[in-house]
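**Student:** The following comprises the amino acid sequence and a computationally predicted model.
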Amino acid sequence: MTKGKRKRIVILGSTGSIGLNTLRVLRLHPDKYQVLALGAGKNIEVLAREIQEWKPRKVAVQDKQTARILSDTLPKDTSVEILHGTGGYVELATMSNVDTVVSAMSGAAGLVPTYEAVRARKQVALANKEAMVMAGQLIMAEAASKGNSVLPIDSEHSAILQCLRGHNREDIKRVILTASGGPFLGLRPAELTKVTAQQALKHPNWQMGPKVTIDSATLMNKGLEAIEAKWFFDLPMEKIGIVIHPQSIVHSMVEYKDGSIIAQLGMPDMTIPIAYALAYPRHLEIDAPALSFGELGSLTFEPVDTEKFPCLSLALTAARVGGTMPAVLNAANEVAVQAFLQERIGFMDIPEIIRNTMAMHEPESVKTLGTVLKADAWAREKAEGFLAPKPQKAGA
């Protein structure tokens, strides 16, 4: 960053967990960063407060109706252009005077804006793992051709990025992703059939949005992160390991040929990887709690039980198959997780819906974004077909 010049930021997903934590980091460094635009879904109340505080030039919301409500909510003298839909998010992501796009929208909706930001030569700080799972090959190839960087915000990939600095890539034996195990680590497989969405949303260590919290409970999140790691760090799947680490203090590790293992540790606070992505390769001073080894006690590790958590096994299978299969996995998972949150299916129905959808798919090679989006739409339709009909309201 040029001394005295503020980095100009767009945040896609500004009202979600990552977006709010990004603004928390920026609030600490007003001399270094300027917010030019904010993208959100339908959370008008939070977005309106952000507009008043940050004075963005443009914002984008999910649809035209939400844009109209936002316009009516804001004070009449508010100077901001309100856009909507995918086209609106893309316009924010490709603004000519933007330096960094924080891609933190939930789910597949973040794919097109992320890809277009890369095409527009923007630095992308990526929290939207679904974009990388669906089209990591295209995103990283485009970034390489344009000469711009895609930096991870996920704590695991941020940890790997830090553990790789100063080491030769050809010396890597494997990277090791750590997983907390989620809220159901201690339950027996039979008990998982009875867990509720309310229980699944109580993660022991992290404060996250509902979709990623459910993914953490099923361990799908770790499978998606393994696919991300493949593309972020140009690694074959056999060089990506996963281990359960309930304390979420060691965020990931890199093992080298000589047996040396470099680990990155820190408190489970998302402002740490966010700040690193924004200031890369520097470390910003932030207000995250300090790690006290004297109070920490022990750090424990254990192998992953893929029979108990079949979503992880399905994700690793999709990664090995390749092509459009990871996009199908992701789409089916999004449909199943949403249905679970709506109490239409049980917790262990999630992997079953994903498995059935994947079994019907004939994977294609990923050469264009259109191929990915077609597979995504196909998988959503098939996954919906495996759900029970929505219960009718009384009197309907």
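**Tutor:** Thanks, I have it.

**Student:** Around Lys222, how many other residues sit close by?
**Tutor:** 26 (other Cβ atoms under 10 Å). Where C-beta positions appear, they are placed from N, C-alpha and C, glycine not excepted.

**Student:** oh, I was asking about Ala120
**Tutor:** Neighbours of Ala120 (other Cβ under 10 Å): 17.

**Student:** mind listing the strands in the stretch 51-200 of the chain by residue range?
**Tutor:** For the stretch 51-200 of the chain, the strands defined by DSSP state E, counting those that start in this stretch cover 58-61, 81-84, 100-103, 123-126, 150-152, 172-179.

**Student:** The fifth one packs against which elements?
**Tutor:** The reference is to strand 150-152. Judged by 3 or more Cβ pairs under 8 Å, 6 or more residues apart in numbering; DSSP states H and E, strand 150-152 is in contact with strand 123-126, helix 129-146, helix 155-164, helix 220-232, helix 271-279.

**Student:** Turn those into CSV, columns for distance to Thr73 and mean pLDDT.
**Tutor:** Below are the helices and strands packed on strand 150-152 laid out as CSV (distance: least, Cβ to Cβ, whole Å; pLDDT from 0 to 100):
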stretch, distance to Thr73, mean pLDDT
strand 123-126, 28, 98
helix 129-146, 29, 95
helix 155-164, 34, 97
helix 220-232, 34, 96
helix 271-279, 28, 97
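
**Student:** among those, which is nearest Arg380?
**Tutor:** Within those, the stretch nearest Arg380 is helix 129-146; the backing value is 12.2 Å (Cβ to Cβ).

**Student:** Would you mark the buried spots in the closest one?
**Tutor:** Under the neighbour-count criterion of 16 or more other Cβ atoms under 10 Å, helix 129-146 has 129-140, 142-143 buried.

**Student:** before we move on, what about stretch 112-128?
**Tutor:** 112-120, 122-128.

**Student:** and of those, the nearest to Leu20?
**Tutor:** Ala127 (11.8 Å).

**Student:** where does the stretch 251-396 of the chain have low pLDDT?
**Tutor:** 388-396 (pLDDT under 70).

**Student:** now the strands for it?
**Tutor:** Using DSSP E, counting those that start in this stretch, strands in the stretch 251-396 of the chain cover 261-265.

**Student:** what ranges do the helices span in it?
**Tutor:** If you assign secondary structure with DSSP state H, counting those that start in this stretch, the helices in the stretch 251-396 of the chain sit at 271-279, 293-296, 310-321, 325-341, 349-359, 369-385.

**Student:** tilt between the last one and helix 129-146?
**Tutor:** Okay, so that is helix 369-385. 170 degrees (axes from the mean of the first three to the mean of the last three Cα atoms, to 10 degrees).

**Student:** again with the fourth one
**Tutor:** If you take the same axes, to 10 degrees, helix 325-341 sits at 150 degrees to helix 129-146.

**Student:** returning to that earlier point: nearest to Val61, out of the helices and strands packed on strand 150-152?
**Tutor:** helix 129-146 (19.5 Å).

**Student:** So which elements touch that closest one?
**Tutor:** So helix 129-146, by 3+ Cβ pairs under 8 Å, 6+ apart, packs with helix 111-119, strand 150-152, helix 220-232, helix 325-341, helix 369-385.

**Student:** Distance to Ser71 for these - can I get that in CSV?
**Tutor:** Listed next are those as CSV, based on distance: least, Cβ to Cβ, whole Å:
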stretch, distance to Ser71
helix 111-119, 21
strand 150-152, 33
helix 220-232, 36
helix 325-341, 28
helix 369-385, 30
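
**Student:** Nearest approach to Val195 belongs to which of the ones you listed?
**Tutor:** helix 325-341 (9.8 Å).

**Student:** Show me which positions of stretch 225-234 end up buried.
**Tutor:** Those buried within stretch 225-234 under the rule 16+ other Cβ under 10 Å are Glu225, Ala226, Ile227, Glu228, Ala229, Lys230, Trp231, Phe232, Phe233.

**Student:** now, which of these sits nearest Leu151?
**Tutor:** Phe232 (9.0 Å).

**Student:** show me what contacts that closest one?
**Tutor:** Contacts for Phe232 (Cβ atoms under 8 Å, 6 or more residues apart in numbering) come out as Met132, Gly136, Met140, Val150, Pro152, His157, Ile160, Leu161.

**Student:** In a markdown table: the residues you listed, plus distance to Gly39.
**Tutor:** Below are the contacts of Phe232 laid out as a markdown table (distance: Cβ to Cβ, whole Å):
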| residue | distance to Gly39 |
| --- | --- |
| Met132 | 18 |
| Gly136 | 21 |
| Met140 | 23 |
| Val150 | 18 |
| Pro152 | 19 |
| His157 | 22 |
| Ile160 | 27 |
| Leu161 | 25 |
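
**Student:** Looking at those, which one is closest to Lys7?
**Tutor:** Val150 (16.1 Å).

**Student:** who does the residue nearest to Leu164 when sequence neighbours are not counted bridge with?
**Tutor:** Spatial nearest neighbour of Leu164, excluding adjacent residues (Cβ to Cβ, 6 or more residues apart in numbering): Val254 at 6.0 Å. Beta-bridge pairing for Val254 (DSSP bridges): Val175, Ile262.
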